[in-house]
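S.K.: what follows is a predicted protein model with its sequence.
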Amino acid sequence: MITKEQADFYKENGYLLVEGVFSTDEIGMMRKAMDGIIERAASTKFDHNAAWQGDFLPSEELKKLVLKGFHDVHYHDAIFTRALSHPNMASILSMLIGPNVQLHHSKMLVKPPENGAAFPMHQDHPYFPHEKHTMMAASVHLDDTDEQNGCLCVIPKSHKDGPVGHVGRHYLNHEQYPISMGTPCPAKAGDVLFFNYLTIHGSGPNRSERTRRNVLFQYRDPEDMPSEETHVNWGQGLMVCGQNPIFKAYKGAH
């Protein structure tokens, strides 16, 4: 699915956009599944706005922004289980991580039209640090994205600098790391942006009349051990490629 040159680009720059990983029909099924999750969540106490808080925007502006986000979407609809282990995904992951690839978690993010919240620049590392830093995100685009509707922006090669100090574990200092510092990664529905969890990234608000929907899968080498027991859940550890060389009894988080 990708060439050695593309794999080398990822290792050098910390990110890689791969076009056409999922078909139009597959994207349509994921959109329908996402709508169902949102509809079911809306009738429960678990529905919430996942917009980031902080001093990067005035408080009155923050109140207007919306970001729908739910973790572990593969627990809610089987289409996402099929997507995260799709043959195209497995082919790419085996070249970027290695022969053995394990799922860490999944989530969905929806930026609604005109008031979809920004993501300040950050690394994913503080949320689930690992020893060997093989952890990566695969952001599946369910809609065409550009700067108008808040596409992801990355700072190339920033993964080489290692962990960077964050503000309260959530985001980097917005004056030192403005979103404008990043390289925009516009994409089409069906494209997937892969990036290392040390790669600094973020996205602007959705100022368009179009929804921006993404599904995010986090993967790792199963021999890459967490340095902190954070972000643990009872379904973690699904093997996507190869085998797990470490045999142990898996049990849920308490």
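M.R.: In hand now; what should we look at?
S.K.: in the sheet, who's paired with the residue nearest in space to the middle of the chain?
M.R.: Geometric centre of the chain, nearest residue: Leu216, 3.6 Å, by CA atoms, centre = their mean. Here Leu216 sits in beta bridges with Lys107, Ser139, going by DSSP bridges.
S.K.: need the strands for the stretch 151-254 of the chain, in chain order.
M.R.: 152-154, 183-184, 192-196, 201-203, 212-220, 239-241 (DSSP state E, counting those that start in this stretch).
S.K.: neighbours around Pro113, how many?
M.R.: Neighbour count of Pro113, defined by other CB atoms under 10 Å: 14. Glycine gets a C-beta too; all of them are placed from N, C-alpha and C.
S.K.: surely it and Asn206 touch.
M.R.: Yes: using CB atoms under 8 Å, Pro113 makes contact with Asn206 at a distance of 6.3 Å.
S.K.: return every residue with contacts to both of the two.
M.R.: Common contacts of Pro113 and Asn206 (CB atoms under 8 Å, 6 or more residues apart in numbering): Asn149.
S.K.: ok now stretch 175-191, how far from the chain's centre?
M.R.: Centroid separation for stretch 175-191 versus its chain: 13 Å, with CA atoms, centre = their mean, to the nearest Å.
S.K.: contacts for it, please.
M.R.: With CB under 8 Å, 6+ apart as the criterion, stretch 175-191 contacts 15, 17-24, 26-27, 118, 120-121, 141-147, 151-156, 193, 200-204.
S.K.: just the terminal-to-terminal distance for that stretch.
M.R.: With CA to CA, to the nearest Å applied, stretch 175-191 spans 31 Å between its terminal residues.
S.K.: ok, stretch 152-165 next?
M.R.: For stretch 152-165, the separation between the terminal residues is 21 Å (CA to CA).
S.K.: is it correct that the residue nearest to the centre of the chain is in contact with His141?
M.R.: No: contact criterion CB under 8 Å: Leu216 and His141 do not qualify, at 10.5 Å.
S.K.: buried ones in stretch 120-132?
M.R.: Within stretch 120-132, the residues scored as buried using 16 or more other CB atoms under 10 Å are 120-130.
S.K.: could you give me the average pLDDT of that stretch?
M.R.: Averaging pLDDT along stretch 120-132 gives 94.
S.K.: and Ile200, what does it touch?
M.R.: Neighbour list for Ile200: 121-123, 154-155, 158, 164, 172, 177, 182 [criterion: CB under 8 Å, 6+ apart].
S.K.: list the contacts of His133.
M.R.: For His133, the contact set (CB under 8 Å, 6+ apart) comprises 125, 159, 196-198, 224.
S.K.: closest to Ser91 among the residues you listed?
M.R.: Nearest to Ser91, judged by CB to CB, of these is Asn196 at 18.6 Å.
S.K.: confidence score at that closest one?
M.R.: 98.
S.K.: just checking, what packs against the strand or helix carrying Thr81?
M.R.: Using DSSP states H and E, the element containing Thr81 is helix 78-84. With contacts taken as 3 or more CB pairs under 8 Å, 6 or more residues apart in numbering; DSSP states H and E, helix 78-84 sits against helix 24-42, strand 101-111, strand 212-220.
S.K.: and the contacts of His133, which of them are buried?
M.R.: Buried among the contacts of His133 by 16+ other CB under 10 Å: 125, 159, 196-198, 224.
S.K.: what would these look like in JSON lines with distance to Leu103?
M.R.: Shown next, in JSON lines, are those (distance: CB to CB, whole Å):
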{"residue": "His125", "distance to Leu103": "18"}
{"residue": "His159", "distance to Leu103": "20"}
{"residue": "Asn196", "distance to Leu103": "16"}
{"residue": "Tyr197", "distance to Leu103": "14"}
{"residue": "Leu198", "distance to Leu103": "19"}
{"residue": "Asp224", "distance to Leu103": "13"}
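S.K.: show me the two of those that sit farthest apart.
M.R.: Largest separation among these by CB to CB: His159 and Asp224, giving 14.3 Å.
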